[in-house]
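Asks: Sequence and predicted model, in that order:
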Protein chains: 2
Amino acid sequence: MLKEERHQTILSEVELHNRILLTDIAEALDVSIDTVRRDVKELDADNKLRKVHGGAISLGFRSNNTRNDNIYKLDHKIKIAEKALGLLKDGGVIFVDGGTTCLELARLIPTNLDLTCFTHSLPVAMELLTKSKITVILVGGQVSRESQSAIGANAIHNLSEIRVDYSFIGTGYVDSYYGLTEFDWDIVQVKKAIIKSSKKSVLLSISEKLNSQHRYKTCDINAINTMITELEPENDLLKPFRNHDIRLI
Amino acid sequence: MLKEERHQTILSEVELHNRILLTDIAEALDVSIDTVRRDVKELDADNKLRKVHGGAISLGFRSNNTRNDNIYKLDHKIKIAEKALGLLKDGGVIFVDGGTTCLELARLIPTNLDLTCFTHSLPVAMELLTKSKITVILVGGQVSRESQSAIGANAIHNLSEIRVDYSFIGTGYVDSYYGLTEFDWDIVQVKKAIIKSSKKSVLLSISEKLNSQHRYKTCDINAINTMITELEPENDLLKPFRNHDIRLI
DNA sequence: AAATTTATTGCCTACATTTGCATGACTTTA
DNA sequence: TAAAGTCATGCAAATGTAGGCAATAAATTT
């Protein structure tokens, strides 16, 4: 049996069933497990499949990456996300909201961090799945086309049954007096539920959103424990927020 | 024995068996292994075959077995998905399982069809979101990295609270006697829950999976109402399934 | 036709690759 | 946390490879 033949067989098995065990292949091909392991390692290096503990899985449907490369004020959002990383620690349980800033946070989480992450956002979930040490738990419900996240009564109910250390949330509008407001009523309901289910809520917002407001209110500024912007905490733009019981980073 | 003769013999042997060992050819032609090695090296340089360690492989064999696209047997899966579309009608409530075949179904659903789709698969949900008339409802739970879909107790619980007209499911392995089997225990639990929560279950499977089995059992063949393969329903390969109360499309 | 050149072949040797096994480290599971 | 399973590593045996060399065969020149 030539090596090339084994490779072909392994590939078709993996494409056929999405997943295979090294031991099964070894038995089927009548070679040692070590040989199969080495074969699979090579195929993985060639990007023909993905090796996992004890077996291999097809690349197949794990290729659609949600990369949107013209995110507004991406540099600011990255800066915010980097600051937010400082709040994360091994073993933590967090909730990550939807939106581009939170997605950036998800993207920047180090792969060696051991976290349990809840989210109702599909893109965030996809991103978090790429980090091997993160347990991703999806909050289900009707999915909003716009936000690509679960909303509605079911999502809110599901949220009511969890309690996380930190929630990282975004908002459409934020103002020191009017608090967090949104354009969309359904989104507001979900965000309320998220805040309710977290011990501490962290708002991620670019400074451009400061001092703006809209129709529906998510919560008062006091309901937020920490606000992260791309600005230095001492920046004058943040002055109105210093009267509140809120940590600025 | 002329060199040209040897070349012809080697080529026809390779075409016939898809692969050859240098040692076999040397013996068959009664020349030294070195000569064969040199011959094969030349044929490789002329792109008549591909030399590998210890032997040679037909070019055809290679191109037949490497996947031409991202998805294995995509043409078959499209054919299956197209047949499945025939079961959908406006106002329907369906469940779409994960896996490449079901993803293909999601992809092919017409944009003007008015459906409510449940799914526990992230890629399927993403795909369905692109169709404006479809209501997408995500079944939440812990997300499996491999399958990119929600699994576990929470997902199963969520499934227990819904009831759909049709569920479209995939399987790792299917056999007329052993029924639907899988490699992964957690996946089996979810599939069981899916079947339980549907009035009718439709299995989408390429014929290559027929007559194969694995460790954990999802259900008997009888639990499936309709099985769709890329084959004509009259095809002999489907014969073993005709003894069962199952519709073949 | 003889001499010379060129190509082919088999053999040899040193080197490279492949494979299975042993060991200890690491992961997963119960 | 312990047991079972999986993994990386090094090793040795078997096998495959490349290149040099000489004998032979074929082609070419003289």
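Replies: Yep, that arrived.

Asks: Quick check on the residue lying closest to A:Gln142 once chain neighbours are set aside: phi, psi?
Replies: Distances taken as C-beta to C-beta, 6 or more residues apart in numbering or on different chains place A:Gly152 nearest to A:Gln142, at 4.2 Å, with adjacent residues excluded. Heads up, the C-betas are built off the backbone N, CA and C, glycines and all. Backbone torsions for A:Gly152, taken as degrees, to the nearest 10, come to phi 90, psi 180.

Asks: Over to A:His53?
Replies: Torsion angles at A:His53 (phi, psi; degrees, to the nearest 10) stand at phi -60, psi 120.

Asks: To what extent is it buried, counted in neighbours?
Replies: A:His53 has 6 neighbours, counted by other C-beta atoms under 10 Å in any protein chain shown.

Asks: Next one: it, what pLDDT does it get?
Replies: Looking at A:His53, its pLDDT is 89.

Asks: Give the other helices and strands that the longest helix along chain A contacts.
Replies: Longest helix in chain A, counting residues (DSSP state H): helix A:3-17. Using 3 or more C-beta pairs under 8 Å, 6 or more residues apart in numbering or on different chains; DSSP states H and E, the elements in contact with helix A:3-17 are strand A:19-21, helix A:22-29, helix A:33-45, strand A:55-57, strand B:50-52, helix B:59-65.

Asks: Please repeat the previous calculation with a cut-off of 7 Å.
Replies: The contact analysis (3 or more C-beta pairs under 7 Å, 6 or more residues apart in numbering or on different chains; DSSP states H and E) places helix A:3-17 against helix A:22-29, helix A:33-45, helix B:59-65.

Asks: mind saving the C-alpha coords of the helix or strand harbouring A:Phe118 as CSV?
Replies: Using DSSP states H and E, A:Phe118 maps to strand A:115-119. Extracted C-alpha coordinates of strand A:115-119, given in CSV (Å, rounded to 0.1, in the frame of the first residue of the first chain):
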residue,chain,number,x,y,z
LEU,A,115,-13.5,31.0,28.8
THR,A,116,-17.2,30.2,28.7
CYS,A,117,-18.8,32.6,26.3
PHE,A,118,-22.5,33.1,25.8
THR,A,119,-23.6,35.0,22.8
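
Asks: Now do whichever helix or strand comes after it and helix B:122-129, the angle between them.
Replies: Counting by DSSP H and E, the next helix or strand C-terminal to strand A:115-119 is helix A:122-129. In terms of direction (axes from the mean of the first three to the mean of the last three C-alpha atoms, to 10 degrees), helix A:122-129 departs from helix B:122-129 by 160 degrees.

Asks: Work out the gap between helix A:122-129 and the centre of the chain.
Replies: 5 Å (C-alpha atoms, centre = their mean, to the nearest Å).

Asks: ditto for stretch A:142-149
Replies: Worked out by C-alpha atoms, centre = their mean, stretch A:142-149 lies 15 Å from the chain centre.

Asks: Can you point out the buried residues in it?
Replies: Going by neighbour count (16 or more other C-beta atoms under 10 Å in any protein chain shown), the buried part of stretch A:142-149 is A:142-144, A:147-149.

Asks: follow-up on the earlier one: pairing partners for the strand holding A:Phe118, with directions?
Replies: Using DSSP bridges, the strands paired with strand A:115-119 in its sheet are strand A:93-96 (parallel), strand A:134-138 (parallel).

Asks: Mind pulling up the pLDDT for the residue in chain A that chain B sits nearest to?
Replies: Across chain A, the shortest distance to chain B (C-beta to the nearest C-beta) belongs to A:Gly140, at 2.6 Å. Looking at A:Gly140, its pLDDT reads 92.

Asks: Please name the nearest non-neighbouring residue to it.
Replies: Excluding its sequence neighbours, the residue lying closest to A:Gly140 (C-beta to C-beta, 6+ apart) is B:Gly140, at 2.6 Å.

Asks: residues in contact with the longest helix of chain A?
Replies: A:20, A:25, A:29, A:31, A:39-40, A:43, A:48-49, A:56-58, B:19, B:52-53, B:57, B:65, B:67, B:72, B:172-173, B:183, B:208-209 (C-beta atoms under 7 Å, 6 or more residues apart in numbering or on different chains).

Asks: filter those residues down to the ones near DNA strand C?
Replies: When contact is defined as C-beta under 7 Å from any atom of the strand, these meet DNA strand C at A:31, A:39, B:53.

Asks: Output the lowest mean pLDDT helix or strand found in chain A.
Replies: helix A:74-85 (a mean of 82; mean pLDDT, DSSP states H and E).

Asks: Packing partners of that one?
Replies: Packing partners of helix A:74-85 (3+ C-beta pairs under 7 Å, 6+ apart): helix A:100-108, strand A:198-204, strand A:226-228.

Asks: Wait, A:Phe168 touches A:Ser205, no?
Replies: No: A:Phe168 lies out of contact with A:Ser205 (C-beta atoms under 7 Å); the separation is 10.9 Å.

Asks: neighbour-wise, which of those two wins?
Replies: When A:Phe168 and A:Ser205 are compared on other C-beta under 10 Å, the one with more neighbours turns out to be A:Phe168, at 31 against 25.

Asks: who touches that one in this structure?
Replies: Counted by C-beta under 7 Å, 6+ apart, A:Phe168 has contacts A:84, A:94-97, A:102, A:105, A:202, A:204.

Asks: do A:Leu159 as well
Replies: Here A:Leu159 is in contact with A:139, A:193-194, A:197 (C-beta under 7 Å, 6+ apart).

Asks: can you do 8 Å?
Replies: A:Leu159 makes contact with A:120, A:139, A:190, A:193-194, A:196-197, according to C-beta atoms under 8 Å, 6 or more residues apart in numbering or on different chains.

Asks: which residue packs closest to A:Arg247, ignoring adjacent ones?
Replies: Nearest to A:Arg247 is A:Thr226, by C-beta to C-beta, 6+ apart, at 4.4 Å.

Asks: Please name the bridge partners of the one you found.
Replies: A:Val202, A:Arg247.

Asks: Close to DNA strand C: what parts of chain A are there?
Replies: Counting by C-beta under 7 Å from any atom of the strand, the residues of chain A near DNA strand C are A:1, A:3, A:6, A:31-32, A:34-35, A:38-39, A:53.

Asks: and DNA strand D, which of these reach it?
Replies: Counting by C-beta under 7 Å from any atom of the strand, A:34, A:53 from these sit close to DNA strand D.

Asks: between the residues of chain A next to DNA strand C, which has the most around it?
Replies: Most crowded among the residues of chain A next to DNA strand C, counting by other C-beta under 10 Å, is A:Asp39 at 23 neighbours.
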